[in-house]
Each structure stands twice: as C-alpha cells, then as structure tokens.
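Visitor: Need a 3D model of the sequence below.
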Amino acid sequence: MPGKTRENRTFFQWINFFIPYVYTLGIILIIGWMLTASVSIALDNVSNDPKALFLQSENVQATDTANETWLNLLIKPIVQSDFNQVIFRGLFLLLVWMLLFLVIPVAFKKLKRLKLFNMEFEVNDIEQAAIQTIEVSATKAKYMLYLTSDAATDRTLEILDEIGLNYKDVLENYLAELQEWYKNAPLETHFSYELFTDPFPPAIKDLVAASEESGSAVIQNTADPNNLMQKNYLVYAYSYREQDYITVISSYTQEFDSFDQSLFESLHNVVSKNIENYEYLLALTSPAEPDA
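Guide: Presented below is the predicted three-dimensional model:
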C-alpha cells in the first residue's frame with residue numbers, strides 16, 4: 001500500500017472557485033428574466049392590443065400637455081412602456097451584479113490600489129510581488145541547505161534508530177515534516193504526497209515515464225491555477241538498491257517550480273546517503289565475528 005496524505009482545500013479557496021460560476025449564473029438568470037418578462041408582455045399585447053407591440057397603446061388616457069415640457073413629452077412614453085421598464089430594470093440589475101463581483105474579489109486578494117469610477121481600492125504592485133517571489137525561493141533554498149547539514153544527518157540517525165533501516169519509512173518521515181514546513185510563512189502552501197512501490201495509478205503514467213527517462217523530477221502545472229478540480233503534480237521516479245520508488249507530490253493551489261524540483265530530488269538523495277552512512281557506522285561499531 002502506498003504512503004499517502006490528503007490535502008484539504010480551505011473555505012476561502014472554495015469561495016474563489018465558485019465565484020465565477022455564481023457570477024455567470026446570476027447574469028443568465030437576469031437575462032432569462034428579461035426575456036421571459038418581454039415574451040409575457042408581447043403575448044399579452046397580441047391578445048389584447050396587437051398595435052401596442054409597435055405603437056403606443058390607444059388605451060392611454062389623454063392628458064393635458066399644455067404645461068408639459070418637451071423633455072417630459074419625450075421621456076414619458078419611453079418610461080411608461082412595459083417593454084422599456086423590463087429593459088431598464090434588467091440593465092440596472094446587471095450593473096449592480098457586475099459591480100458586486102468587481103468588489104468581492106477585493107475582499108480575498110491583497111490589494112494596494114484599484115480605482116473604479118470614484119471608488120479606490122488597494123492593489124499589490126510589481127515590486128511587492130517580486131519581493132515575495134524572492135522570499136519563497138530563499139525559503140526553499142534554506143531547506144535544501146538544511147538537508148546537507150549535520151542537523152539533518154543527526155535527524156536521520158534518530159529516525160533510523162527508531163524504525164530501522166527502511167528507506168521508504170525514512171522518506172515518508174521527511175515528506176511529512178516537509179509538508180508541515182510548507183504550511184508556514186512565507187510559503188503557506190498545502191500539498192499531498194503519495195509514495196508508491198507497487199504499480200502506480202495510470203493517470204500519472206506519462207509523468208513517471210518522463211521522470212525515469214530524464215532521471216529527475218517532472219512537473220505538471222494546470223493551465224488554470226484557480227480550478228480546484230485539477231491538481232498540479234511533481235513526480236519523481238527514484239531507484240534505491242534495485243527497488244523503484246515513485247514519489248507523487250500534488251496540490252490544488254500550489255504551482256511547483258524548479259526550486260521544488262531540486263528540493264525533492266535532494267531529499268531523496270540525502271535520505272539514501274544518510275542510510276548508507278548509518279550502515280557504515282554500524283559496521284564499524286559492530287564487533288568483528290571470530291574466524292572459524
């Protein structure tokens with residue numbers, strides 16, 4: 001059975017995912033109401049007063065226009081028309097709906113300044129995004145440096161003392177620690193991992209083949225990072241002592257990059273190297289068998 005963990009999507013990720021669908025559904029409902037109301041008015045006019053479809057209804061009571069301005073005389077027939085009232089109401093609802101969904105994303109994004117008519121919001125600038133990218137990359141590089149340190153070696157020896165010489169178990173321990181470490185700032189990333197020694201899922205067959213051919217981890221990011229129904233993948237096919245291991249890192253929100261690729265490759269290599277050092281240490285400290 002493969003070792004695996006499950007990534008849980010947050011409430012706000014689901015909100016961001018469903019916002020486009022709710023927005024589109026609202027527009028469809030408003031336009032549908034406009035069409036339904038217009039057809040209903042048209043059918044009513046056809047049965048009662050067919051000319052009212054093209055001309056002002058003859059049933060409109062005559063009014064004294066002596067005190068009316070030319071603007072009132074021009075506007076009143078337009079405003080009093082049932083068809084026009086449906087159109088005006090529909091356009092007003094569409095405008096409110098569009099403005100609402102221009103404002104909603106502001107609540108879920110870190111913004112610095114956005115000006116819409118007389119309203120002004122804050123939006124992130126390019127410099128801030130660049131700084132954040134550097135911080136994320138530096139944090140991943142820091143963990144790669146940790147893997148080559150004496151602290152990581154001592155940690156591996158502690159794990160080996162607890163669970164024995166099992167490459168898969170040691171690797172799973174490190175993957176679990178790395179999963180928790182990714183959740184902290186500035187990464188704030190969630191991912192799932194699966195470690196296969198048995199036949200792997202057919203869905204990642206091409207990625208496994210590409211990793212085996214290149215000898216390195218392979219990345220597949222989805223075209224739409226906001227689609228919570230599709231995952232980004234980092235797949236690494238690694239062989240240790242004639243045993244093939246397939247490590248599958250997946251995330252609904254995190255797009256993997258070359259730093260992730262190098263980090264997970266280094267993790268596999270460090271684990272195998274530390275196990276070999278541990279075995280060498282055991283060989284040195286074990287008493288020699290007496291010659292027969």
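Visitor: And the host helix or strand of residue 100, how far out from the chain middle?
Guide: Using DSSP states H and E, residue 100 sits in helix 82-108. When C-alpha coordinates are averaged (C-alpha atoms, centre = their mean, to the nearest Å), helix 82-108 and its chain have centres 27 Å apart.
Visitor: Ok, stretch 234-244 next?
Guide: Worked out by C-alpha atoms, centre = their mean, stretch 234-244 lies 28 Å from the chain centre.
Visitor: ok, and for it, which residues are buried?
Guide: Of all the residues in stretch 234-244, those buried under the rule 16 or more other C-beta atoms under 10 Å are 234-238, 240. Quick note: C-beta positions are derived from backbone N, CA and C, even for glycine.
Visitor: where do the strands sit along this protein?
Guide: All strands of the chain, identified by DSSP state E, fall at 3-4, 111-116, 119-123, 192-196, 218-220, 232-240, 243-251.
Visitor: could you measure residue 202 against residue 178, distance?
Guide: 27 Å (C-beta to C-beta, to the nearest Å).
Visitor: The two: who's more crowded?
Guide: residue 178 (17 against 8; other C-beta atoms under 10 Å).
Visitor: measure the more buried one to residue 187 for me?
Guide: Distance from residue 178 to residue 187, by C-beta to C-beta: 10 Å.
Visitor: likewise residue 206?
Guide: For residue 206, the distance to residue 187 equals 28 Å [C-beta to C-beta].
Visitor: can you check residue 174 too?
Guide: Relative to residue 187, and taking C-beta to C-beta, residue 174 is found at 16 Å.
Visitor: Name the residue in these two with the higher neighbour count.
Guide: residue 174 (20 against 16).
Visitor: can I assume that one is in contact with residue 269?
Guide: No: using C-beta atoms under 8 Å, residue 174 is not in contact with residue 269, being 11.6 Å away.
Visitor: Measure how far stretch 19-28 is from the centre of its chain, please.
Guide: Centre to centre, stretch against its chain (C-alpha atoms, centre = their mean), the figure for stretch 19-28 is 19 Å.
Visitor: so what's residue 224 up against?
Guide: With contact set as C-beta atoms under 8 Å, 6 or more residues apart in numbering, residue 224 has these partners: residue 230.
Visitor: Check what pLDDT it gets.
Guide: pLDDT, residue 224: 71.
Visitor: repeat for the one 5 residues further on
Guide: Residue 229 carries a pLDDT value of 75.
Visitor: which regions of the chain lie under the pLDDT threshold?
Guide: Low-confidence segments of the chain, defined by pLDDT under 70, span residues 1-13, 49-80, 103-131, 223, 225-226, 228, 286-292.
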